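[1] sequence below, structure please.
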Amino acid sequence: MAKDSTFDTEVRYFIYQTLISTLQPPTTAETAKRFQLPIGKIESAFERLAASHDIALAPGSHSIWMAHPFSVLPTNYTAQIDEKKYYGN
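    Sure thing, here's the model as predicted:
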């Protein structure tokens, strides 16, 4: 369990890094490439992060809709830093 927890923290950090730099969350394929692991392991990490409410996935998929406090979908809550506009939950 501790091993999954540490890995999930690393995946969550990668999600945030990607969101902050590109304004889009990483896909499971991008995350698998980053960690050099099979997509199935990344999907499991995404599912654990969703179960603990760290991220929200689009229904029936592994596409990230939210990585709290960020929202991938436009909301009324925004912050702009330089040229980048972030949506919040």
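[2] pLDDT score for the residue most central in space within the chain?
    In the chain, the residue lying closest to the centroid (Cα atoms, centre = their mean) is I15, at 3.8 Å. pLDDT for I15: 98.
[3] distance of it relative to T28?
    Using Cβ to Cβ, to the nearest Å, I15 is found at 11 Å from T28. No exception for glycine: its C-beta is placed from N, CA and C like everyone else's.
[4] ditto for P74
    23 Å.
[5] out of these two, which sits in the more crowded spot?
    T28 (19 against 9; other Cβ atoms under 10 Å).
[6] close enough to count as contact, that one and I64?
    No: between T28 and I64 there is no contact, the gap being 9.4 Å when judged by Cβ atoms under 8 Å.
[7] got any residues that touch both of these two?
    F46 (Cβ atoms under 8 Å, 6 or more residues apart in numbering).
[8] now do the strands in the protein.
    55-57, 64-67, 70-71, 78-81, 84-88 (DSSP state E).
[9] and these as a markdown table, adding distance to I20 and mean pLDDT?
    As requested, the strands of the chain are exported to a markdown table (distance: least, Cβ to Cβ, whole Å; pLDDT from 0 to 100):
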| stretch | distance to I20 | mean pLDDT |
| --- | --- | --- |
| strand 55-57 | 14 | 97 |
| strand 64-67 | 10 | 96 |
| strand 70-71 | 8 | 92 |
| strand 78-81 | 9 | 89 |
| strand 84-88 | 8 | 89 |
